[in-house]
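Participant: Following is a predicted model, sequence given first.
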Amino acid sequence: VLFWNLETTMSTKETTTESILKRQLFGGSLEYEPPQKKIKPNRSSKNEDNHEDNHEDEAAWVDSEDEELTIDVHKNRKLRHLRAEFDETQLNATEYIKRQRKHYQASLPCDWTKKDSDDDNNDDDDKQSEAHTGGDANKLQMHQRSLRMTKSSNVLIENGNIEFSVIGNINSKTKHSSIVTVCEFSSNGKVLMTAGLDKTLCLYSMDGSKRNDLIKRVFINDLPVRCARFTCDAQQIIISGRRFFMYHLDLLRFQLNRINKVIGRDERSWEMFECSPNNLYIVFVGVRGSLVVVSQKTKKPVKTISISDAIVSLKFDRRDPDSLYILTQNATVYVYDMNSFRCKRKVMFDGVVKATCFDIHSALNVLAIGCSSGVLSVYHYKFDGESRNKIANQTLLMDDNNNNGDEDVAGAPTTTGTPSTGTSGNEQPIYTMDNLVTCVHGVQFNHDGQLLLYWSKAKKQAIRLVHVQTGKVYSNWPKDRGLNFVHKATFSPNSGYLAIGNDLGYVKLIRLHFYGAL
């Protein structure tokens, strides 16, 4: 170190004497000017920025053994989602890391690992997103817009492929030892309720992450649970089955109370019921086409409604809590006023062999009916001119946004929905879906009416997701063969999650990326 210091001081002295001699010989001031340091070029220039951006894309370190290491993605069921083709069995380590990183980033609403671009780049990205171009910027822009989405928004979901990610089984550690008969979210979406024939009812916390903790697990010794519903205020859960008694669970105190018998009724089964959105009534399906209206406060019968046909399902309209919709086997829908307990409308629908389930969406004035032949039909249930034009206008808007909206997607399960016509005086469907070949056991619209889910428990993976405005089935879902026989499925209140219960006792959570909230 001393030798290096001496050498540097001698070199600096030589440079100073040489500079003085040069000034004396060639002119100039004799004042000493220290040698100027070399100024490094500014890294903020555009060329340097481009050079650095090129280097940022390159990996800082590459393991040469990654190309030789192979990973089997066929035998391990948890890695089968990484396959690009069905016949693909092995991947090298480099490709495996890339696909795992891509799968993880797809499960996030936005990628925090990427740096924010400049204002000019943001303006360009906004213009590109308005022009509906592809790329990561467009996907991020779609996620940001979905957070501000309202019911009257013109932001529509695409009808080609749906972006989703499989979170996994929410009850992997506490699965039911029977089929899942109940799968329902609370009104705010923060609690998921599951139940089965194993006499257990479970409540899970939905915090928006992959960790969904078990809040409470209730074992009912003498009641295999067939049906359970949250009340509208989310303070009670009504539980019933094929017994003459039922239970209600107080969520504020976590107390389970038994209702021995409904006074004046001799029914031996209360396995089908619905709670009114105004917290006034619980409507049970009785025998021989009767409906028993029970007060939610006193748990005593208030009124009995008789219908001259077998009842298969009933629904309340959350936007009109005084209306009760009742579906019979011959595809007739009765609309009852819960204030006067009188039928204010009766509508017969054509194209249904034997009705099994239905769902309504009052904002779009549509109704979907599933039948025993596996066909799902979509109708208008209000028959004024304004309501008939709502879906037609949204369909035209969707076709304008998607230039290839009318083209069939390769690999679709079956053909898309087709308009139906008939000669009878009954109401005709807008279109019908024949993607399932077994009886339809459940159907549900999501909160904004853009998606329609229906399923059958008679065949494995018999569940489909439909784009309502165009009547097309999404071809890229379901791909998970672990769904098995689907018995229950439901959307979260804001369609951020999809919960599916099967015959193995598992409830699988699926994240829909288009919707930001729970």
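Facilitator: Ah, there it is.
Participant: Tell me where the stretch 51-200 of the chain has helices.
Facilitator: Secondary structure of the stretch 51-200 of the chain (DSSP state H, counting those that start in this stretch): helices located at 93-106, 119-130, 136-147.
Participant: can you tell me which of the ones you listed the model trusts least?
Facilitator: Of all these, the minimum mean pLDDT falls on helix 136-147 (a mean of 37).
Participant: Setting aside sequence neighbours, what's the nearest residue to residue 80?
Facilitator: What sits nearest to residue 80 in space, not counting adjacent residues and going by Cβ to Cβ, 6 or more residues apart in numbering, is residue 73, at 6.2 Å. In this view, the C-beta of every residue, glycine as well, is placed from N, C-alpha and C.
Participant: measure the nearest residue to residue 512 once chain neighbours are set aside to residue 517 for me?
Facilitator: Excluding the flanking residues, the one nearest residue 512 by Cβ to Cβ, 6+ apart is residue 164, at 5.5 Å. Residue 164 sits 16 Å away from residue 517, going by Cβ to Cβ, to the nearest Å.
Participant: which of those two has more neighbours?
Facilitator: When residue 164 and residue 517 are compared for neighbours, residue 164 comes out ahead with 21 against 15, by other Cβ atoms under 10 Å.
Participant: the strands in the stretch 401-518 of the chain, which residues?
Facilitator: With DSSP state E, counting those that start in this stretch, the ranges of strands along the stretch 401-518 of the chain come out as 431-433, 442-445, 451-455, 463-467, 472-473, 486-491, 497-502, 507-512.
Participant: Same check on the stretch 101-250 of the chain?
Facilitator: Using DSSP E, counting those that start in this stretch, strands in the stretch 101-250 of the chain cover 164-169, 180-185, 191-196, 200-205, 214-219, 227-230, 236-240, 246-250.
Participant: tell me what the first one is packed against?
Facilitator: Right, the one you point to is strand 164-169. Other helices and strands packing on strand 164-169, by 3 or more Cβ pairs under 8 Å, 6 or more residues apart in numbering; DSSP states H and E, are strand 507-512.
Participant: Pull up the pairing partners for the strand it packs on, direction included.
Facilitator: Strands that pair with strand 507-512, judged by DSSP bridges, come out as strand 164-169 (antiparallel), strand 497-502 (antiparallel).
Participant: Would you reformat those as CSV and include mean pLDDT and distance to residue 316?
Facilitator: Putting the strands paired with strand 507-512 into CSV (pLDDT from 0 to 100; distance: least, Cβ to Cβ, whole Å) gives the following:
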stretch, mean pLDDT, distance to residue 316
strand 164-169, 90, 29
strand 497-502, 96, 21
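Participant: Which of the strands of the stretch 101-250 of the chain has the highest mean neighbour count?
Facilitator: Comparing the strands of the stretch 101-250 of the chain by mean neighbour count (mean count of other Cβ atoms under 10 Å), strand 191-196 comes out on top with a mean of 25.
Participant: tell me how far that one is from the chain's mean position?
Facilitator: 17 Å (Cα atoms, centre = their mean, to the nearest Å).
Participant: now that strand against strand 236-240, angle please.
Facilitator: Interaxial angle of strand 191-196 relative to strand 236-240 (axes from the mean of the first three to the mean of the last three Cα atoms, to 10 degrees): 10 degrees.
Participant: from now on call the first residue 11
Facilitator: Fine by me, first position is 11 from now on; the one you just mentioned is strand 201-206.
Participant: Identify the residues contacting strand 201-206?
Facilitator: Residues outside strand 201-206 that contact it (Cβ atoms under 8 Å, 6 or more residues apart in numbering): 180-181, 186-196, 211-216, 222, 225, 234-235, 238, 240, 244, 247, 249, 509, 511, 515, 517.
Participant: Report the angle between that strand and strand 190-195.
Facilitator: Going by the same axes, to 10 degrees, strand 201-206 makes 170 degrees with strand 190-195.
Participant: Neighbouring strands - and their directions - for strand 201-206?
Facilitator: Applying DSSP bridges, strand 201-206 is found paired with strand 190-195 (antiparallel), strand 210-215 (antiparallel).
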